[in-house]
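Participant: here's a sequence, model it:
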Amino acid sequence: MKYSKRFLYFNWITLVLIYLVVIAGSFVRITGSGMGCPDWPRCFGEWIPPTDSTDLPADYREAYLEKRAQKVKKFSGLLNAIGMEDSSEKLQNDPSVYEEEPFNAQKTWIEYVNRLFGFLAGNFMLAAFFWLLFAYRKSKLIWVCGFNLILMAFQAWFGSIVVATNLVPWTITVHMLLALVIIAIQIYVVVRLKNSKDLFDKFELPRWMSYMLWFIFLITFYQMFLGTQVRESIDHLIKDGVAQEQWTEGVGLPFYIHRSFSWLVLLLLTIVFWINEKKEAYMPIRIAFLMLVVELISGVLLAHVDMPGLVRTSHLLFASIMFGVLWMFLLRAKSIKA
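Facilitator: Now for the predicted structure:
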């Protein structure tokens, strides 16, 4: 089925918006702005958040604490129902869940902008789904886009759970992994929408290189999961007042695994990059290699130097771009005998 260029460009814009949600979410995480808006989907009961403490509702702390307790109780019941009794018990007995942070206008607006990007991305995905439904009724992509739209809606709901549980670590990890799955599905949609003139030609790879790139891609996905865990551990260490030079020891084994896998990915991708430069010189491999190098540099700096929030955000950004480029490349690649 042939799709219009306008529809293809529309889905590219949707993909960019999803990436912006991930970037904004990372900045929220790094600046500690996740509780900038204590309720969801509104912020302090308003669609436009306040800029001063005098604009806050009366007794907002008590009111939101009661609503949060009710939501936590419902979510704990859900965890019990699906067999996660230990997580449910920990959640109900975690005192930090019921702590209300003081109002901070900057953090409130950072979280609000994050939600705006999410709202835009969700509406673009909804519009793309209905565009398919009315203009390309026989397209199988209707089911793919529909599923991704459901995932996005679930992601929005789960975002409210992350807020209600006061940023319980494992919920943040799930939130991040869901974002990567949504990105991967949207990239698949973009690739399937391409007609005869593609941004990338159909790539031909030796079978061994194809397997190696798939291995690198899977490790990259795992690395992003592990990196979230490392960041959560570091956040706890910061909260406990642990000095930066003791972070490595404080995080322990996950940090060393994360670091070791990073060097493994660098080694493997360097081999692929070197062979690629001698033969086909495919641009996506160059981009993935460049993203990896910048990501590793930012990772080393983060591990040993106190860097500003934007640098920490860039670490996730470059990893996400590398993830997306590799995924798109592998979807377009064709294995051949060497």
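Participant: going forward, measure contacts and count neighbours with C-alpha atoms only.
Facilitator: Will do.
Participant: just name the shakiest helix or strand of this structure by mean pLDDT.
Facilitator: Lowest mean confidence among the helices and strands of the chain (mean pLDDT, DSSP states H and E): strand 333-336, at a mean of 71.
Participant: which stretches of the protein form strands?
Facilitator: 203-206, 333-336 (DSSP state E).
Participant: any low-confidence regions in the stretch 51-200 of the chain?
Facilitator: Within the stretch 51-200 of the chain, the ranges that satisfy pLDDT under 70 run 63, 96-100, 163-169, 195-200.
Participant: try 50
Facilitator: 196, 199-200 (pLDDT under 50).
Participant: quick one: the helices in it?
Facilitator: In the stretch 51-200 of the chain, the segments counted as helices under DSSP state H, counting those that start in this stretch are 60-81, 85-92, 105-135, 141-164, 169-193.
Participant: go through the strands of the chain and name the closest to Ala127.
Facilitator: Ranking the strands of the chain by their distance to Ala127 (criterion: C-alpha to C-alpha) puts strand 333-336 first, at 29.6 Å.
Participant: what would stretch 119-134 look like as PDB? C-alpha coordinates only.
Facilitator: This file holds the C-alpha atoms of stretch 119-134, laid out as PDB (Å, rounded to 0.1, in the frame of the first residue of the first chain):
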ATOM      1  CA  PHE A 119      -0.100  15.500  25.600                       C
ATOM      2  CA  LEU A 120       1.200  16.700  22.200                       C
ATOM      3  CA  ALA A 121       2.800  13.300  21.400                       C
ATOM      4  CA  GLY A 122      -0.400  11.400  22.500                       C
ATOM      5  CA  ASN A 123      -2.600  13.600  20.300                       C
ATOM      6  CA  PHE A 124      -0.400  13.200  17.300                       C
ATOM      7  CA  MET A 125      -0.500   9.500  17.700                       C
ATOM      8  CA  LEU A 126      -4.300   9.700  18.000                       C
ATOM      9  CA  ALA A 127      -4.600  11.800  14.900                       C
ATOM     10  CA  ALA A 128      -2.300   9.400  13.000                       C
ATOM     11  CA  PHE A 129      -4.500   6.500  14.000                       C
ATOM     12  CA  PHE A 130      -7.700   8.100  12.800                       C
ATOM     13  CA  TRP A 131      -5.900   9.200   9.600                       C
ATOM     14  CA  LEU A 132      -5.100   5.600   8.900                       C
ATOM     15  CA  LEU A 133      -8.600   4.500   9.900                       C
ATOM     16  CA  PHE A 134     -10.300   6.800   7.300                       C
END
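Participant: got a list of contacts for it?
Facilitator: Residues outside stretch 119-134 that contact it (C-alpha atoms under 8 Å, 6 or more residues apart in numbering): 7, 10-11, 14, 17-18, 21, 139, 141-142, 145-146, 149, 152-153.
Participant: now stretch 44-56
Facilitator: Cys37, Pro38, Asp39, Arg42, Cys43, Pro57, Tyr60, Phe103, Ala105, Thr108, Trp109, Tyr112.
Participant: 10 Å instead, please
Facilitator: For stretch 44-56, contacts defined as C-alpha atoms under 10 Å, 6 or more residues apart in numbering pick out 36-43, 57, 60-61, 64, 102-106, 108-109, 111-112.
Participant: buried subset of these, written for PyMOL?
Facilitator: Selecting only the buried entries of the contacts of stretch 44-56 in PyMOL, with 16 or more other C-alpha atoms under 10 Å as the criterion:
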select buried, resi 36+37+38+39+40+41+43+61+64+103+104+105+108+109+111+112
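Participant: would you map out the domains in the chain?
Facilitator: Following automatic domain parsing, one finds the domains of the chain at 1-199, 200-338.
Participant: how close does Gly250 sit to Leu296?
Facilitator: 21 Å (C-alpha to C-alpha, to the nearest Å).
Participant: number of residues surrounding Phe124?
Facilitator: By other C-alpha atoms under 10 Å, the residues close to Phe124 number 20.
Participant: how many neighbours does Gly324 have?
Facilitator: Look at Gly324: counted by other C-alpha under 10 Å, it has 21 neighbours.
Participant: thinking again about what came up before, now the helices of the stretch 51-200 of the chain as CSV including distance to Ile234?
Facilitator: Formatted as CSV, the helices of the stretch 51-200 of the chain follow (distance: least, C-alpha to C-alpha, whole Å):
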stretch, distance to Ile234
helix 60-81, 25
helix 85-92, 20
helix 105-135, 20
helix 141-164, 18
helix 169-193, 11
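Participant: so which of those helices is nearest Gln223?
Facilitator: Taking the helices of the stretch 51-200 of the chain one by one with C-alpha to C-alpha, helix 169-193 is closest: 11.1 Å.
Participant: good, wrapping up.
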